[in-house]
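J.: mind folding the following:
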Amino acid sequence: MKVKCIDNDLCSDLTFGGVYSVVEEGDKYYVLLVKEQKEIITRKTRFVIVQDGEITKKAKATINELDYQLQNEFKDIKDFKMRKNSKGEIKEIIIKFKFEEI
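T.: Numbers count the residues shown, from 1 in each chain. Predicted structure coming up:
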């Protein structure tokens, strides 16, 4: 998600009108990535959303589902595979769920 600063009073890390990437979102705060990959915590009221990441919502839903599966011994998962690049970084996770036909 991208947010635009509308209030930088008493905060030297923010630029008025600057656009920042949100790393984490809480009820009343954002953790933002600012200059030189530095993370700061700041109030949500200082910003307006300029790009809402639908991917963020999908990722949260996926994490919630996987957390549920983990707590329930993966009862609905048939198989899963991970695909990594040459550096060993995870690029894709494929999860197959069990489906029961009624």
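
J.: where exactly do the helices run in the protein?
T.: Using DSSP state H, the helices assigned to the chain run over residues 54-71.

J.: do a quick rundown of the strands in it.
T.: Assigned by DSSP state E, the strands in the chain fall at 2-5, 19-25, 29-34, 38-43, 47-51, 77-84, 90-97.

J.: what's around residue 46, how many residues?
T.: Counted with other C-beta atoms under 10 Å, residues neighbouring residue 46 total 19. C-beta here means a position set from N, CA and C on the backbone, and glycine is covered the same way.

J.: got the contact list for it?
T.: Residue 46 makes contacts with 5-8, 11, 14, as judged by C-beta atoms under 8 Å, 6 or more residues apart in numbering.

J.: now swap in residue 23 and tell me
T.: 30-33, 39.

J.: what's the closest of these to residue 18?
T.: Nearest to residue 18 out of the contacts of residue 23 is residue 32 (C-beta to C-beta; 9.7 Å).

J.: is the residue lying closest to that closest one once chain neighbours are set aside bridged to anything, and to what?
T.: Closest residue in space to residue 32, ignoring its immediate chain neighbours: residue 20 at 4.4 Å, by C-beta to C-beta, 6 or more residues apart in numbering. Beta-bridge pairing of residue 20 under DSSP bridges involves residue 3.

J.: what's the separation between the residue nearest the centre of the chain and residue 35?
T.: When C-alpha atoms, centre = their mean is applied to the chain, the residue found nearest the centroid is residue 56 (4.8 Å). Residue 56 is 23 Å from residue 35, where distance means C-beta to C-beta, to the nearest Å.

J.: what's the weakest-modelled helix or strand in the chain?
T.: helix 54-71 (a mean of 82; mean pLDDT, DSSP states H and E).

J.: residue 1 is in contact with the residue nearest to the centre of the chain, correct?
T.: Yes. The pair residue 56 and residue 1 qualifies as a contact (C-beta atoms under 8 Å) at a distance of 5.6 Å.
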